[in-house]
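Participant: coords below, sequence missing:
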């Protein structure tokens, strides 16, 4: 049995005049959402054998805030391939995961993370929620009945968790200004 958890970066700041998308930082709401998601992950007892993350500034900051709420550094392996990766690239990365890692966390970007959940998971109510939207700082957890990551196939995952920041705190929901 293998478990893959996907964490989308928290809300980034579009007001910051950075030259590259890669360098965009989190905004204050994103910082709050990431820390809250870290507290939620700790409360749910989520643990990881292996963490892979995009090195983009907004993901680095998300994981720093998550670690604050989680109470522990997640010690990610930074992989450039996760930056704006497609679902196909993410699936290739899953197939390359170490055989000894049973519980893995990927932290990165949309639309790739959302597309990966939709590609891998079988139909259920949680999948329908992901189909509507995979907001920033959201967490999805999938379970695979496989011994080796190379055996992960489309449509075979059980989506067992989908948590959005607004599910934990309504003030972290969408802005309607």
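Facilitator: Cool, got the structure. Note that this is a predicted model, so its numbers are computed, not measured.
Participant: I'd like to know the average pLDDT value across the helix or strand that contains residue 62.
Facilitator: For residue 62, the element it lies in under DSSP states H and E is helix 57-70. Here helix 57-70 scores 97 as its mean pLDDT.
Participant: Run a quick neighbour tally on residue 119.
Facilitator: 15 (other Cβ atoms under 10 Å). Where you see a C-beta, it was placed from the backbone N, CA and C, and this is true even at glycine.
Participant: so how far is residue 63 from it?
Facilitator: Separation of residue 119 from residue 63 (Cβ to Cβ, to the nearest Å) stands at 24 Å.
Participant: The helix or strand harbouring residue 160 pairs with which strands, parallel or anti?
Facilitator: Using DSSP H and E, residue 160 maps to strand 158-163. Applying DSSP bridges, strand 158-163 is found paired with strand 139-144 (antiparallel).
Participant: where does residue 38 land in three-state SS?
Facilitator: helix (DSSP: H, G, I helix; E, B strand; the rest coil).
Participant: I figured it hits residue 66, correct?
Facilitator: Yes: using Cβ atoms under 8 Å, residue 38 is in contact with residue 66, at 3.7 Å.
Participant: Those two: which has the busier surroundings?
Facilitator: Remark: of residue 38 and residue 66, residue 66 carries more neighbours, 28 against 25, as counted by other Cβ under 10 Å.
Participant: How about residue 155: what's its closest non-neighbour residue?
Facilitator: residue 122 (5.8 Å; Cβ to Cβ, 6 or more residues apart in numbering).
Participant: Give me the buried positions along the strand holding residue 160.
Facilitator: Neighbour-count burial for strand 158-163 flags 158, 159, 162, 163 (criterion: 16 or more other Cβ atoms under 10 Å).
Participant: Let me see the contact set for the second one.
Facilitator: Right, the one you point to is residue 159. 117, 121, 122, 124, 126, 127, 130, 140, 141, 142 (Cβ atoms under 8 Å, 6 or more residues apart in numbering).
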